[in-house]
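Chemist: Got a sequence here, can you build the structure:
(one chain, ligands or ions: 1)
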Amino acid sequence: RDDVAQLLSLQKTRLDVAAPVARSKWNSHAPIDDPAREQAILDDVAARAQQIGLDAPWARRFFQDQFDAGKLVQRDLHRQWTVVHRPPFADPPDLAREVRPVLDRLTPELLAALARLDGRWCDPAVKGALDELAPAILGADYAPAVRDKAIGALRCAK
Ligand SMILES: O=C(O)C(=O)C[C@]1(C(=O)O)C=C[C@@H](O)C=C1
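Modeler: Coordinates of the predicted model:
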C-alpha cells in the first residue's frame, strides 16, 4: 500500500508540472506536443528500465501515459485561457532551464517506485490500494480522464 501511495504521489508531482509547462507554452506559443522531447525521454526510460530489471516496453508505455495525461491538463488550461483571452503571463517559467529539469529528476524516482512494485498489478492488495488511493491522490486535483490515463499501465491486465 505504501509503495502504491508513493508511486501515485510521484505521478501527481509529475502531473503538477503540466501547469507551469502550460504557462511557459502559453507565452512562447510552442506547441503542447513535442514528439522529439518525448522520444528522448522514452529512450532514456528504456535504458534505465533495463538497468533496474523493469520491462522496457512496458516502462515506455507507462511514461507515454504520463505524457498524455499531462497533455490533457495542458490542453484544458490553454482552452480556458483562450476563452478568457488571457494575456501572456508576467513571469512565465523557463521550460528548458526550470521546468524540464524537474521532470527529468522525477524519471528515475518513478522508475524506482515502479520497480518496487515489481509488476504485481494483479495482486489483490496492490489492486485494492490502487482503486482506493488513485481517486484520493490523483483525483483530488485532476479529472477522472486524466487520472485514468495516468494509471492505465498499472491496471491488472487479467
Ligand atoms: O516538455 C514539454 O514540452 C512538455 O510539454 C512535457 C511533456 C512531458 O510530460 O514530459 C509533455 C508533452 C510533450 O510532448 C513533451 C513532454
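Chemist: What residues does this protein have near the ligand?
Modeler: When proximity is defined by C-beta under 6 Å from any ligand atom, the chain lies next to the ligand at Val21, Ile32, Asp33, Asp34, Arg37, Glu38, Ile41, Phe67, Gly70, Lys71, Arg100, Leu103. For every residue, glycine as well, the C-beta is placed using N, CA and C.
Chemist: tell me the mean pLDDT for stretch 1-8?
Modeler: Here stretch 1-8 scores 98 as its mean pLDDT.
Chemist: next one: that stretch to chain centre, how far?
Modeler: Averaged C-alpha coordinates place stretch 1-8 at 15 Å from its chain's average position (C-alpha atoms, centre = their mean, to the nearest Å).
Chemist: Now do it: everything it contacts.
Modeler: 110, 113-114, 116-117, 125-126, 129-130, 133-134, 137-138, 151, 154 (C-beta atoms under 8 Å, 6 or more residues apart in numbering).
Chemist: out of these, who's nearest Val83?
Modeler: Leu138 (25.2 Å; C-beta to C-beta).
Chemist: Any figure for the gap between that closest one and Pro87?
Modeler: Leu138 sits 31 Å away from Pro87, going by C-beta to C-beta, to the nearest Å.
Chemist: Of the two, give the one with the bigger neighbour count.
Modeler: Leu138 (23 against 9; other C-beta atoms under 10 Å).
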